[in-house]
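1. Need coordinates for the below:
(chains A and B)
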Amino acid sequence: MRRPGTKVLISLGLITAAIAILVVAATMRQGTTIHYYTTTSEFLDRARDYVNKPVRVNGKVVPGTLERAGSNGSTDLRFALGDSLQRTLPVHYRGNAVPDAFREGADAVVEGVYLPSGVLEARQILAKCPSKYEAAPANR
Amino acid sequence: MAEIGHYSLLIAFFLALYSTIASFAGTRVPDLGESARRAALALFWLLTIAACTLVYLLAVRDLTVEYVARYTSTVLPMSYAISAFWAGNAGSLLFWVWLLSAYAALVVRGTRKSPSRLVIPALGVMMLIALFFLGLILFLYRIDPEMTPGMVRDPFYATLQVLFGSPEGGLHPACNPFWRLPLRPAEGLGLNPQLQNPGMMFHPPTLYLGYVGMAVPYAFAMAALLTGRVGNEWLSLTRRWTLVAWFFLSIGNILGGWWAYVTLGWGGYWGWDPVENAAFIPWLLATAFLHSVIMQEKRGMFRTWNMVLVLITFVSTIFGTYLTRSGVISSVHAFARNEAFNIAFLAFMAVALVVSFALLFARRNQLASENPIEAVLSREAAFLFNNVVLVGIALVVLFGTVFPAISSAFTGVQVSMGPAWFNNVLWPLWAMLLLLTGVGPVISWRRARRNEFRRGFAIPFAVGIVVAAALVLAGMRNGYALAFFAICAFVLGTIAQEVFRMLRTRTGTLDSPPARKAPVAAFTRNRRFGSYIVHLGVIIVAVGVTGSSLFERQSDLVLRQGEARPFEDHVFRYTSFRRAQEPNRDVYAAGVEVARAGEVRAKVEVVKEDYHAEQMRWTKARILSSVVEDVYLTLAAFQEDGSAIILSVRRIPLVVWLWIGGAVLVLGSLIAMLPDTRERVRRARPASRTGER
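-> Have a look, this model is predicted:
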């Protein structure tokens, strides 16, 4: 372009600035980004930093800890999420039905808010499902 | 059998190597150029043999082949066994390179009589890309500690074993679909049941057709830069190829959304999953390219920008292939697991970017724009804004997609962007893009004048206001919805007005020379007419997205057998329970009667299935569609004895318009591909090859 008009340049600048502001604003806003941890112990190492923040924690449902309460369609669950290190994270969940693969000993991804009381208040429980396409790891 | 495939690939590799060299040398030596063309045709036939071999191996379930054992089982239905071709890494790379060779062969056939001197170097670029993929399949391997060199039966890999073997284990090709296992397993691992759906049979191939199709305009752009023939020739040669690629990318994205909607059981069609984004980014960039091309053709503008766009679109298709194949976003640990594969892909993208931009830089003086943009209110500026917004959206999506990897690299904490992030950032951009869809085709070139505004926008603007007012009166209070529906109505108004004028004036458009006699103007200006149909499709999709994303309601109903419960104006009765054994799965089905206003609307079965070989349970959705809303039913849970179930009910308004709009959009792009009368006239007069100005 040889010399676009000043007004055109200004409008371009405005659009670009608007996009940048939108990105920054959405990233700062609570609830739109998810702090993701691969394991429960990694989460517990930094737990204090994430009080009242949305997190996604990945771990095993520790066998023997799953308590079910509630009826009439709302599921009310308490369980501990952990991995091999035996340090566990208490989880509370109340809401719609949980996924098929959710049971004691199974891998689960819990999305929710970490409360000051040290309980992860789950908004959603996902069965662990690595990817729709490449399920098996390269090394069999 | 597998050996036939493997050795055709090996020959194909050297053929591609020859064709690449001959193409680049052939720009000076005509005979070599001709030889390169024939080599490209031969490459297509060799890869067809390899592809057919894989299809055959999958069809007969030759479980000694690792790929077959990993993605099929003996009980998997035939059609899905064959669609396992693109279920895994190795097969989809073969599929990719086979499609590329098919495109190259079609280019060779289609340009037999073309005097263009861009064809041979463009062929060279395509062969170079093919070379990369073939090299990846054949020569990329990893050290497998569980394998000893003695287990390698294939003489080719046995030789590599001797040359590059290590004491830590045998060499295992990273993505060769013809690799044989040392022992035949008793049964294959089977295909992920969620991929066992007709949508999944067609979604990956169409997406790949779109991805690979973008290699054609890219190759011609690079040929233009290499030879210095940077005029409009490369654009006119590739316009239709770009449309073909865009056509398939669109189908691929729509089918992907439809597949998610009908199979995943959460009532959504788009979750901003990295795999979805990987297919969406090239579509956004290709859309920007289709628009900016018009600027170069009509006004000689955006010439450097077009090169940049086609280049980043192509790289985004490679990036998309990489993202879907490597699994690197869903788990960063996937990177180390298949390090050579990741490095190869990233290196290829880096080289393509650096070389292309270097060429572009070298030719920058030849790419100066012939006209400046004169005013903010002009068609040129509208197209520029359209491009900025589309590329902006693509960058936002890219940023959101790779952010987890970036954040974990820099802070050690993986932060990922949820769907809310994407929606928060993108909704104003979508609104602006939709608005431009209405403004761009109507506003005048160079500089819009006030009276033209009244003529062009008064009626559509009124339509938008009336629709918004009507919706408010009908009780709609959602600001986002009102804004989007009003914009959609405005754009529909402009489209209707323009098509009406096209048909009435019989001259095609406002700005074309008047009084050209043609029977029905629309069909002589296919390209323009097609673009209106595409825009119409986009608006219908926008209506569907707005309705379904802002007004969905959901409830879980606990039902004992025979019991009925209401949700809004529908009543759901659980009538029967059934367990069945299929060869590869157990089926649990609950019969549900759906009634409205005391009248039975439908009797359906909601189903959960346990797949044996894959060890997966899958909840299938049952959908009652209408033009107003979908009732989306899933069996959330059930008692083993069938005494009670939890029925999940979602009511999703207007979602069916998404698929209708998608079909309209695809149809429109087909119309745009048809030859124009004007184009035929131009062809008849070869003197004016440079195109219209």
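2. any idea whether the nearest residue to B:L624 once chain neighbours are set aside is helix, strand or coil?
-> Setting aside the residues directly before and after it, B:L624 is nearest to B:V631 in space (C-beta to C-beta, 6 or more residues apart in numbering or on different chains), at 4.3 Å. Any C-beta I mention is one placed from the backbone N, CA and C, and that applies to glycine too. Here B:V631 is strand, with the state taken from DSSP: H, G, I helix; E, B strand; the rest coil.
3. what is B:V631 paired to in the beta sheet?
-> Beta-bridge partners for B:V631, by DSSP bridges, are B:L624, B:R651.
4. Tell me if I'm right that it and B:F572 touch.
-> No. Between B:V631 and B:F572 there is no contact, the gap being 9.2 Å when judged by C-beta atoms under 8 Å.
5. where do the contact lists of the two overlap?
-> Listed as contacting both B:V631 and B:F572 by C-beta atoms under 8 Å, 6 or more residues apart in numbering or on different chains are B:594, B:649.
6. pLDDT of stretch B:41-50, averaged?
-> The average pLDDT within stretch B:41-50 is 96.
7. Show me which residues of the strand or helix carrying B:L434 are buried.
-> Of the helices and strands defined by DSSP states H and E, B:L434 is found in helix B:419-439. Residues of helix B:419-439 classed as buried: B:420-422, B:424-427, B:429-439 (neighbour count, 16 or more other C-beta atoms under 10 Å in any protein chain shown).
8. can you check stretch B:569-586 too?
-> Within stretch B:569-586, the residues that count as buried by 16+ other C-beta under 10 Å are B:570-574, B:577, B:584-585.
9. how much space between B:T64 and chain A?
-> Applying C-beta to the nearest C-beta, to the nearest Å, the value for B:T64 to chain A is 15 Å.
10. Give me the number of neighbouring residues for that residue.
-> 17 (other C-beta atoms under 10 Å in any protein chain shown).
11. Can you find the helix or strand in chain B with the smallest mean pLDDT?
-> For chain B, scoring each helix and strand by mean pLDDT, DSSP states H and E identifies helix B:521-524 as the least confident one, at a mean of 51.
12. Next SSE downstream of that one?
-> Sequence order places helix B:526-550 as the next helix or strand after helix B:521-524, per DSSP H and E.
13. hmm, that next one in reach of chain A?
-> No. With C-beta under 8 Å from any C-beta of the partner chain as the criterion, chain A is not reached by helix B:526-550; the gap is at least 15.3 Å.
14. Over to stretch B:474-494?
-> No. Stretch B:474-494 stays clear of chain A (C-beta under 8 Å from any C-beta), getting no nearer than 14.6 Å.
15. Quick one: residues in contact with that stretch.
-> Taking C-beta under 8 Å, 6+ apart as the rule, stretch B:474-494 contacts B:427, B:430-431, B:434-435, B:437-439, B:441-442, B:456-457, B:459-468, B:471-472, B:535-536, B:539, B:542-543, B:546-547, B:550-551.
16. about what we covered before: and chain A, which of the buried residues of helix B:419-439 reach it?
-> Near chain A, taking C-beta under 8 Å from any C-beta as the test, the members of the buried residues of helix B:419-439 found are B:420-421, B:424-426, B:429, B:432.
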